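K.L.:
Pasting the sequence and the predicted model now:
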Protein chains: 2
Amino acid sequence: MLIVKKFGGSSVANAERIKHVAQTIVNSYNEGNRVVVVLSAQGDTTDELIEKANEINPNASKREMDMLLATGEQQSVALMAMAIQALDVPVISLNAFQCKISSTSNYSNARIKDIATERILNELDNKKIVIITGFQGVNRSLDVTTLGRGGSDTSAVALAAKLEADICEIYTDVDGVYTGDPRVIKGAKKLNEITYDEMLELASLGAKVLHNRSVELAKKYNVNLVVRSSMTDAEGTIVKEETKVEKMLVNGVAVDKDVARISLVGVKNEPGVAFKLFSVLSKEKISVDIIIQSIGRDDKKDISFTTTREDLAQTLSLLDQNKERLGFDSVSYNDRVAKVSVVGAGMATNPGVAAKMFEATFDAGINVNMISTSEIKISILVDEKDADRAGNAIHDKFIGSGVEI
Amino acid sequence: MLIVKKFGGSSVANAERIKHVAQTIVNSYNEGNRVVVVLSAQGDTTDELIEKANEINPNASKREMDMLLATGEQQSVALMAMAIQALDVPVISLNAFQCKISSTSNYSNARIKDIATERILNELDNKKIVIITGFQGVNRSLDVTTLGRGGSDTSAVALAAKLEADICEIYTDVDGVYTGDPRVIKGAKKLNEITYDEMLELASLGAKVLHNRSVELAKKYNVNLVVRSSMTDAEGTIVKEETKVEKMLVNGVAVDKDVARISLVGVKNEPGVAFKLFSVLSKEKISVDIIIQSIGRDDKKDISFTTTREDLAQTLSLLDQNKERLGFDSVSYNDRVAKVSVVGAGMATNPGVAAKMFEATFDAGINVNMISTSEIKISILVDEKDADRAGNAIHDKFIGSGVEI
C-alpha cells in the first residue's frame, strides 16, 4: 500500500515525540508499505517565529513572513529523517522546492496548484521513506508560500491525491471523529466512518479535527482519509465518499458557543434589503452564519443573523453607519447564545429529524430562538446556559448515551 | 556602485542588532548603490540546531544536517528583509534555491559551482535591496548543501565575483586586519591594505578574520574585499591583488599557541620514510604544519613536526602502532610550544628578514626550537612561556610599537 501520513506540530514537539512518531512510521514501512510523511512545524515554533518577526516589524510583508515560517517545517522534516536514520531505515526529507509543490502567489493563504511527483516516486522506488514539509508551496517565481490554517492537512491530502495513495492518515491528538465533543457531550461515541459531506458540516460546526479545505480536496479526488491518534493504536475514523455501514440518521451533534445573534427590527418590506445588508458585512470580511427573515407584516419585516462574538462590535458599528441606507427601525443583539447542530447524511430523506430534535429540547425545557436547516444539518440557537444540556439531550435522543466506545 | 555586504551571525544575533544592520544597509542604498547582502544564521542558531539533532541522532547523515542547518540563514534573511521594510525601502530575501547557488554534493563542506544571477539582477533593477542566505547551496539533485566553516564569506565573495561587484564588504566584530592580535601584540596596528597572498598566510597562521577559501576565491576572480566592523564606521582593511602603498617588509606577526611538537629520533637514513610517516597521519586526517628533518649522521636521522594539541594523543598512538613499519628508535614530544610567524610580501626579495627576526629573539633571550620559511612567511617554534614576548619583540623590530592606529 502507498500510505500518506500527516503529523501535526504537537506530535513532533520535542525529541521524545519525534522518536515515538519515527517508530510509528517505521512500523508501517516494515509492514511492506510505501510511506510518505507530511509534517507541520514543531510545537510552538511557528508562534515563536511570528513573535520574532513582530519584534522587528509588525507590518512585515506576507512574502517575507512565509519565507520565515516555512523554515519551521523544514526543521521538522530534517529532524524526523534523522530519527528514522537512527532506526536504520532509509529515509529522505524534502521541502516544497524539492517536491515542486507549486501554489498560487497568495502569500499566507496560498492554494496548491500541482505537485511534481517524480522525485517522490523515485525515492519511494529506492525503498526510502519520504518526509515532506507540510503547509508550504512555491509560486511561479519560486517564492515560498504558506497555505494558511490547516495547511498541512491540505498538503497531505493533495499529495495523497497526486500519488494516488491508498490511504491518507491524519494523526491528531484525538483518536477519531466523535458524534459530539467528548468534553461536552457525555455519551459521545467515536465514529468508524463518516462521509466527506458530513465531515465538512461537522468541521464548519466547530469540530476542529480536520480543516475544511483538506476535506473538500479529499472529496474532489476521492482520497480515503483516516483521522487517528498519534499516541494510541486505536483505529480512528475513515472519511470517504460513501460509508459502507447503514447510514445513521444523525452522525454527530456539535455545540458552538462562539455565536452572537443580531436582529434588525422594522426593515422595509421591499426587495434588495438583504442583499445590501450582507454585502456591507462581507466587504468587511464578517462571516454570517444562520440567517432568518420573518415573513413581512404590513410594510415591515425583521432580519436576524448570527456572527462570531469577535465580529459583533464591528457588525453593530457597520449597521449604525449604514442605518439610513439599509432602512430599519432598531437593532437588538444577544451575545450569550449558542448553536446546537445535528449532522447526518440520512437526514435529507427522513422528515422526522426536526420533529425529534424539537421533542428533545422540549422535554429538556429548553427554548429555541432560531432554526436553520440544510440537506444534512439542522441547527438551532439556544441560550448559552442551555447549550450543553441541549447538546446532550439531542445526542441522547438520536445516538444514545453512555455507550462504550 | 554594486556592493556585496556580508554580515556574520553575531551581527544579526537579535532584533536590535538586525535593526542596526538594516540601517547600515539602507544608508548604503540611499547613497545610490545597488546593494546585495549575504547573511549567516543568527548568533547561536546553528549550535542550537546541532544540539537538537544530536538529541535525536548523533550520527545523522550530513545531508539531513544540511537540510536542518540551512533554515538558520533563511530565518536571518527573512527577518532582515522585514527590518528593511520597516525603513520603507524595497527589499527581497532569497535562499539558495531562488538564487540557484549550485554546489557540489559534498554535504557539510560543499563548494559553490555557479550562481545564476538573473533573479538577483532583476530584483536590483527593480530598485530592491537583495538579501541572500550565506553558507548554503543546492546540488544537482536539488538537495540542500552547506559550505563548511567560513561558508558565508565564501558565498559573499562568489556572489561578488559573479555579479562583478565593485566591492565585497565583510563585516566582522573587529574593524580590520591587524599586524598582530591586539590582545597579545601591544603595538598591533590596523592595516589599510593587504594582498590576497599575505591575507592567506595570516589566515593560515591563526588570524581568523577571513576564511582561506573566501580569500582564494577573491584572488582567483580579483574581487576587492574589505574587512570592516559592523559596529563602527571605521574604514577597515582592503584585501586586493597589489597594494598601492609601498610594500612593508612585514605585514603581520601571528602567535599560535595550539601547537605540539613531535620528534622521531633515530629514523633509518633511507628514502621513503617521510612519505610513509606522513601518509599514515594524513589517512587519519591529522594536519601536520612545520616539518624539519635533520641531516643524517651515519645511518640515522631525526624527523620533527608539529600538529595541533588536539591531535597529539592520536598521533602518538599512530606512531606507536606503526613503529616497526616506520623504523625509528624513540619518540619525544612537547605540547608546551608555540609558533610565532612574520608574514609579508616584501620578504621574498629581502634576505635580511630572517636575520632581523633572530636578532629580535636573541635580544629578548628567547631560545628558538625550529624554523620554517616560505616565500612570504617565516615561522619559528618557541616555548609557550616565551611566545607572547617573542611576538612583541619581533613586532617591535619590524613594525614598531605603540603607534597610534
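P.N.:
That came through, no problem.
K.L.:
Spatially nearest residue to residue A:188 (excluding sequence neighbours)?
P.N.:
Closest residue in space to residue A:188, ignoring its immediate chain neighbours: residue A:180 at 4.0 Å, by CB to CB, 6 or more residues apart in numbering or on different chains. The C-beta positions use only the backbone N, C-alpha and C, and glycine is treated the same way.
K.L.:
What separation do you get for that neighbour and residue B:20?
P.N.:
As judged by CB to CB, to the nearest Å, residue A:180 and residue B:20 stand 55 Å apart.
K.L.:
Ok, residue A:305 next?
P.N.:
Look at residue A:305 and residue B:20: by CB to CB, they are 51 Å apart.
K.L.:
More neighbours: which of the two?
P.N.:
residue A:305 (22 against 16; other CB atoms under 10 Å in any protein chain shown).
K.L.:
Make sure I have this right: that one is in a helix.
P.N.:
No - counting by DSSP: H, G, I helix; E, B strand; the rest coil, residue A:305 is not found in a helix; it is strand.
K.L.:
thinking again about what came up before, phi, psi of the residue nearest to residue A:188?
P.N.:
phi -170, psi 170 (degrees, to the nearest 10).
K.L.:
burial of residue A:9, as a residue count?
P.N.:
There are 21 residues near residue A:9, going by other CB under 10 Å.
K.L.:
in stretch A:334-349, what counts as buried?
P.N.:
By neighbour count on 16 or more other CB atoms under 10 Å in any protein chain shown, the buried set for stretch A:334-349 is A:334, A:337, A:338, A:339, A:340, A:341, A:342, A:343, A:344, A:345, A:347.
K.L.:
Residue A:210: which of those is nearest?
P.N.:
residue A:343 (13.9 Å; CB to CB).
K.L.:
Pull out the buried residues from the biggest strand by length in chain A.
P.N.:
In chain A, with assignment by DSSP state E, the single longest strand is strand A:252-268. Across strand A:252-268, burial judged by 16+ other CB under 10 Å covers A:252, A:253, A:254, A:255, A:256, A:259, A:260, A:261, A:262, A:263, A:264, A:267.
K.L.:
export those to JSON lines and tack on pLDDT?
P.N.:
Shown next, in JSON lines, are the buried residues of strand A:252-268 (pLDDT from 0 to 100):
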{"residue": "A:252", "pLDDT": "85"}
{"residue": "A:253", "pLDDT": "88"}
{"residue": "A:254", "pLDDT": "87"}
{"residue": "A:255", "pLDDT": "89"}
{"residue": "A:256", "pLDDT": "88"}
{"residue": "A:259", "pLDDT": "92"}
{"residue": "A:260", "pLDDT": "94"}
{"residue": "A:261", "pLDDT": "93"}
{"residue": "A:262", "pLDDT": "93"}
{"residue": "A:263", "pLDDT": "90"}
{"residue": "A:264", "pLDDT": "90"}
{"residue": "A:267", "pLDDT": "86"}
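K.L.:
Now do the same contact list for the closest residue to residue A:171 other than its chain neighbours.
P.N.:
Using CB to CB, 6+ apart and skipping residues adjacent in sequence, the residue nearest residue A:171 is residue A:230, 3.9 Å away. Each residue near residue A:230 by CB atoms under 8 Å, 6 or more residues apart in numbering or on different chains is listed here: A:7, A:8, A:11, A:20, A:21, A:24, A:171, A:172, A:173.
K.L.:
all helices for the stretch 201-350 of chain A, in order.
P.N.:
A:212-221, A:273-283, A:312-321, A:323-326 (DSSP state H, counting those that start in this stretch).
K.L.:
no, scratch that, I was asking about the stretch 51-200 of chain A
P.N.:
A:62-85, A:118-125, A:151-162, A:196-204.
K.L.:
Out of the ones you listed, which gets nearest to chain B?
P.N.:
Minimum separation from chain B across the helices of the stretch 51-200 of chain A (CB to the nearest CB) falls at helix A:62-85, 3.7 Å.
K.L.:
In CSV, could you pull the C-alpha coordinates for that closest one?
P.N.:
C-alpha atoms of helix A:62-85 as CSV (Å, rounded to 0.1, in the frame of the first residue of the first chain):
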residue,chain,number,x,y,z
LYS,A,62,3.4,38.3,3.9
ARG,A,63,6.0,37.3,1.4
GLU,A,64,8.8,37.6,4.0
MET,A,65,6.6,36.0,6.7
ASP,A,66,6.1,33.0,4.5
MET,A,67,9.9,32.8,3.9
LEU,A,68,10.4,32.9,7.6
LEU,A,69,7.7,30.5,8.7
ALA,A,70,8.5,27.8,6.1
THR,A,71,11.7,27.1,7.9
GLY,A,72,9.7,25.5,10.8
GLU,A,73,8.5,22.6,8.6
GLN,A,74,12.0,22.2,7.1
GLN,A,75,13.4,21.7,10.5
SER,A,76,10.7,19.2,11.4
VAL,A,77,11.3,17.0,8.3
ALA,A,78,15.1,17.0,8.7
LEU,A,79,14.8,16.0,12.4
MET,A,80,12.3,13.3,11.6
ALA,A,81,14.6,11.9,8.9
MET,A,82,17.4,11.8,11.5
ALA,A,83,15.2,9.9,13.9
ILE,A,84,14.3,7.4,11.3
GLN,A,85,18.0,7.0,10.3
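K.L.:
And it, what's buried?
P.N.:
For helix A:62-85, by 16+ other CB under 10 Å, it's A:63-85.
K.L.:
near chain B, which residues of the stretch 251-400 of chain A?
P.N.:
Residues of the stretch 251-400 of chain A found near chain B (CB under 8 Å from any CB of the partner chain): none.
K.L.:
Now do residue A:302 against chain B, distance only.
P.N.:
Per CB to the nearest CB, to the nearest Å, residue A:302 is found 48 Å from chain B.
K.L.:
quick one: contacts for the closest residue to that residue other than its chain neighbours?
P.N.:
Excluding the flanking residues, the one nearest residue A:302 by CB to CB, 6+ apart is residue A:294, at 4.4 Å. Counting by CB under 8 Å, 6+ apart, residue A:294 makes contact with A:301, A:302, A:303, A:304.
K.L.:
Point out the least confident member of the residues you listed, please.
P.N.:
Scanning the contacts of residue A:294 for pLDDT, the low point is residue A:301. It has 81.
K.L.:
Please tell me how far that residue sits from chain B.
P.N.:
50 Å.
K.L.:
Contact partners for residue A:264?
P.N.:
A:277, A:302, A:303, A:304, A:319, A:326, A:328, A:330, A:331.
K.L.:
can I get these in CSV with distance to residue A:155?
P.N.:
Formatted as CSV, those follow (distance: CB to CB, whole Å):
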residue, distance to residue A:155
A:277, 38
A:302, 45
A:303, 40
A:304, 39
A:319, 40
A:326, 42
A:328, 45
A:330, 48
A:331, 43
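K.L.:
If any of those are buried, put those into a ChimeraX selection.
P.N.:
To isolate in ChimeraX the members of the contacts of residue A:264 that are buried, counting by 16+ other CB under 10 Å, one can use:
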select /A:277,302,303,304,319,326,328
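K.L.:
Nearest to chain B among the contacts of residue A:264?
P.N.:
Nearest to chain B out of those is residue A:319 (CB to the nearest CB; 36.3 Å).
K.L.:
So that closest one is in contact with residue A:331, correct?
P.N.:
Yes - counting by CB atoms under 8 Å, residue A:319 does reach residue A:331; the two are 5.5 Å apart.
K.L.:
who touches both of the two?
P.N.:
Shared contacts of residue A:319 and residue A:331, counting by CB under 8 Å, 6+ apart, come down to A:262, A:264.
K.L.:
Quick check: can you list the domain ranges of chain A?
P.N.:
Domain ranges of chain A: A:2-172, A:253-398, per automatic domain parsing.
K.L.:
Buried deepest among those domains, which one?
P.N.:
Of the domains of chain A, the one with the most neighbours on average (mean count of other CB atoms under 10 Å in any protein chain shown) is domain A:2-172, at a mean of 21.
K.L.:
circling back: let's have the buried residues of stretch A:334-349 in CSV, adding pLDDT.
P.N.:
Putting the buried residues of stretch A:334-349 into CSV (pLDDT from 0 to 100) gives the following:
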residue, pLDDT
A:334, 93
A:337, 94
A:338, 93
A:339, 91
A:340, 91
A:341, 88
A:342, 87
A:343, 85
A:344, 79
A:345, 71
A:347, 71
